[in-house]
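Colleague: what follows is a predicted protein model with its sequence.
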Amino acid sequence: MDDEMFDSLKHLPEVQEQKPKRKVCDRCKRPTSVCWCSFLPDPRLETKSTVYVWQHPYEQKRPLSTTPMLKEGLGPSKCHIWIGRHLSEGKFPKVREILESPNTILLWPSPDSIDVSELDKDVPYNIILIDGTWFQARSLYKSHEDCFRNIRKVQVSSDKLSKYLIRTQPSDNCFSTLETGALTLSILQNEPKIYEELTRPLDALCQFQIDHGATKHDSKQSQENLYELPYEGYGRRKGSGKPKWLRLLKETASLKLKDQPDADENEDKSDDLTN
C-alpha cells in the first residue's frame, strides 16, 4: 500500500523552496546590500532656495531614479516632488502660487534661457526641475507651456561630466535631475561642496551597479560623434538631418505611449492649470 502511494506521488512536480526576500531599506527602497543612504549628507542640507521636481509618472517607477537622492539629501521643506502629467491645484495646493512667484525659475533649455550664474545670489528661489526622459520632459513642458510662459528659464553651464555612468544621456552636457539640482544650488549659494555632498549617493549607486555587472554608458552624442544638441533636443551631424537613433527613439517612445495607459489617468483634472 505504501509503495503504491509513493509511486503515485513521485509524478508530482517538485516543490522548490522559496528564496527569502531581500531586505529592503525603508528610506531609499533599495536592497540593503546596495543602500545609498549612508552616503547622504548628515545632517540634511538646508539651502536658501527650494526645489520643486515635476516628475513624469513613468520616471517614478524607475529603480535607478536620482530624484529620491535629491529629496533625501535636502531638508524636509527644501525639496518637493509633484508626480503626474497635470499640475492641478487640487493635487498640488501651492502650484499656482509658485508658478506666479517672481522668484520662480525653470531649468529648461530654450533660446531665451540665461545661465544660473547670472541670477542675483541673494534671492531665495523656487527652482522647478522636470524629471523624466527627454521625450517625457518635453511632453510635460509642451502641455503646460502657457503656465511657464512668464517664468524665467535658466540653464546650467559646467565643465563637469555627468556622474550618472549607468544611464545613457542624450548629450555630453546633460545631467541627471539630481546633478542639475545640485549644480544649481551650489552656484546660487557659491558653495561647491553642495554639489559634492548631494551627488555622493549617485557615486555610490553607480559603483554598486558596476560591481554587479553594469557597464558604463557614453552619451548618445559620443556614440554617434554628434555635435552639441540644440535646445529642440535634436542631435545632428554636420550637414545631415536627424540621426537614425533619434528617429527610432521617437518612434519607439510614441508606440509605448500609445500602448500604455496613463499612470494617473484617474486623477482629478477639473482644476488643471491648463484648463
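Modeller: That came through fine.

Colleague: shouldn't residue 200 be within a helix?
Modeller: Yes: membership of residue 200 in a helix is supported by DSSP: H, G, I helix; E, B strand; the rest coil.

Colleague: grab the nearest non-local neighbour of it.
Modeller: residue 39 (4.5 Å; C-beta to C-beta, 6 or more residues apart in numbering). From N, CA and C alone the C-beta is placed, and that goes for glycine too.

Colleague: need the contact list for that neighbour.
Modeller: Applying C-beta atoms under 8 Å, 6 or more residues apart in numbering, one finds that residue 39 lies in contact with 200-201, 203-204.

Colleague: filter those residues down to the buried ones.
Modeller: Buried members of those, scored by 16 or more other C-beta atoms under 10 Å, are 200-201, 204.

Colleague: residues contacting the residue nearest to residue 202 when sequence neighbours are not counted?
Modeller: Distances taken as C-beta to C-beta, 6+ apart place residue 163 nearest to residue 202, at 5.2 Å, with adjacent residues excluded. Listed by C-beta under 8 Å, 6+ apart, the contact set of residue 163 reads 176, 179, 199, 202-203, 206.

Colleague: picking that back up, okay if I get the buried ones among the contacts of residue 39 as CSV plus distance to residue 154 and pLDDT?
Modeller: Below are the buried ones among the contacts of residue 39 laid out as CSV (distance: C-beta to C-beta, whole Å; pLDDT from 0 to 100):
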residue, distance to residue 154, pLDDT
200, 25, 98
201, 25, 97
204, 29, 95
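
Colleague: distance check, residue 56 against residue 87.
Modeller: In this view, residue 56 and residue 87 are 12 Å apart by C-beta to C-beta, to the nearest Å.

Colleague: same question, residue 144
Modeller: As judged by C-beta to C-beta, residue 144 and residue 87 stand 6 Å apart.

Colleague: and for residue 202?
Modeller: Residue 202 sits 27 Å away from residue 87, going by C-beta to C-beta.

Colleague: the two: which has the busier surroundings?
Modeller: Remark: of residue 202 and residue 87, residue 202 carries more neighbours, 25 against 22, as counted by other C-beta atoms under 10 Å.
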